[in-house]
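1. my questions are about this predicted structure, shown below with the sequence.
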Amino acid sequence: MQTDCLVQKSLRLLIIEDDADLREGLQFSFLGDGFEVVCAGTKEEGVRKIRKGNADCVLLDCNLPDGTGFEVCREVRRFSNVPIIMLTARDTEMDEIMALELGVDDYLSKPFSLGVLKARMKRILNSRAEVNELVSGGITIDKSTCRVSRDGEELAFSKLEYRLLCFLVENKNHVLSKEQILERLWDSEGKYVDNNTVSVNISRLRKKLKGDAGGPEFIRTIQGVGYIWKEE
């Protein structure tokens, strides 16, 4: 039987915006709505915080001191499917098309209504929350009950193994560095796991997922970088 279902936590919003007044105004408003809010004022800082894997949604300014929101999206979509809403003063059709093609979930022109922004964010987050089941290559994860099965047969995982499995499947086909995995596996008591813990749990996951019959190898090691979940 599956052990230790994950505890729900408040949603974490990352605001990447170089306008200090707008950034602080958004932060104040979303804190009042119960969000955890993290801020960044540059492209480099924003991407670094997304890589930590803890943001549930990103508000992204199009123009940043050291790059553009388009560059952020292009880089982030190589390793994360985190919801992104782009905020921009550049109200052109081509910019909107480019943003959507790069994987932005929504696009708002400045000045924008805070109510409209929150409504669109709510729609996106609710849509993501409705996906309580992850399925990949015969592996099914029911996030509502924290149960995992392989071709209908239930598998047992420790809490740490389960969290690692979900993180890998949620980001399938994207390479996850050891640093990203370490950030995600910080336990509820604040005790940090080390590189050896990641390697040990990856090994255990592989063994349990393959089973006695020797199933496919879903988790692949990218030497010197990290791990990737591949369905093929």
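-> Received, thanks.
2. quick one, what contacts the spatially closest residue to Asp18 that is not a sequence neighbour?
-> If the residues on either side of it in the chain are set aside, Asp18 comes closest to Gly41, at 4.9 Å by Cβ to Cβ, 6 or more residues apart in numbering. C-beta: built from backbone N, CA, C; applies to glycine. The contact partners of Gly41, by Cβ atoms under 8 Å, 6 or more residues apart in numbering, come to 16-18, 20, 23, 64-65.
3. out of these, which is most surrounded?
-> Ile16 (27 neighbours; other Cβ atoms under 10 Å).
4. which secondary element of the protein has the worst mean pLDDT?
-> Of all helical and strand segments in the chain, the minimum by mean pLDDT, DSSP states H and E falls on helix 178-184, at a mean of 80.
5. can you pull the phi/psi pair for the residue minimising distance to the centre of the chain?
-> Nearest to the geometric centre of the chain sits Val82, at 4.3 Å (Cα atoms, centre = their mean). Per-residue torsions, Val82: phi -60, psi 140 (degrees, to the nearest 10).
6. and it, how far is that from Asp151?
-> With distances taken as Cβ to Cβ, to the nearest Å, Val82 is found 30 Å from Asp151.
7. what's the answer for Arg78, then?
-> Applying Cβ to Cβ to Arg78 and Asp151 gives a distance of 31 Å.
8. now Leu14
-> Distance, Leu14 to Asp151, by Cβ to Cβ: 37 Å.
9. give me the more crowded residue out of these two.
-> The neighbour comparison of Leu14 against Asp151 (other Cβ under 10 Å) goes to Leu14, with 22 against 11.
10. now that one: how far from Val47?
-> Remark: distance between Leu14 and Val47 (Cβ to Cβ) = 10 Å.
11. dump the residue contacts of Leu11.
-> So Leu11 contacts 34-36, 56-57, 125 (Cβ under 8 Å, 6+ apart).
12. which of these are buried? Put it as a PyMOL command.
-> A single PyMOL command selects the buried members of these (16 or more other Cβ atoms under 10 Å):
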select buried, resi 35+56+57+125
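13. can you tell me which of the contacts of Leu11 are in helices?
-> Using DSSP state H, the members of these that fall in helices are Leu125.
14. just to be sure, Val135 is in a strand?
-> Yes. Applying DSSP: H, G, I helix; E, B strand; the rest coil, one finds Val135 inside a strand.
15. let me see the contact set for it.
-> Contacts of Val135 were listed using Cβ under 8 Å, 6+ apart, and they are Ile141.
16. can you tell me how far it is from Val200?
-> Counting by Cβ to Cβ - Val135 and Val200 are separated by 26 Å.
17. after the least confident helix or strand of the chain comes which helix or strand?
-> Scanning forward in sequence from helix 178-184 by DSSP states H and E, the next helix or strand is helix 195-210.
18. starting at the chain centroid, how far to the next helix or strand along the chain from that following helix?
-> Using DSSP H and E, the helix or strand that directly follows helix 195-210 along the chain is strand 219-222. Distance of strand 219-222 from its chain centroid, counting by Cα atoms, centre = their mean, to the nearest Å, is 19 Å.
19. and the gap between the residue nearest to the centre of the chain and Val58?
-> Val82 sits 6 Å away from Val58, going by Cβ to Cβ.
20. find residues that contact each of the two.
-> In terms of Cβ under 8 Å, 6+ apart, Val82 and Val58 are both contacted by the residues 50, 76.
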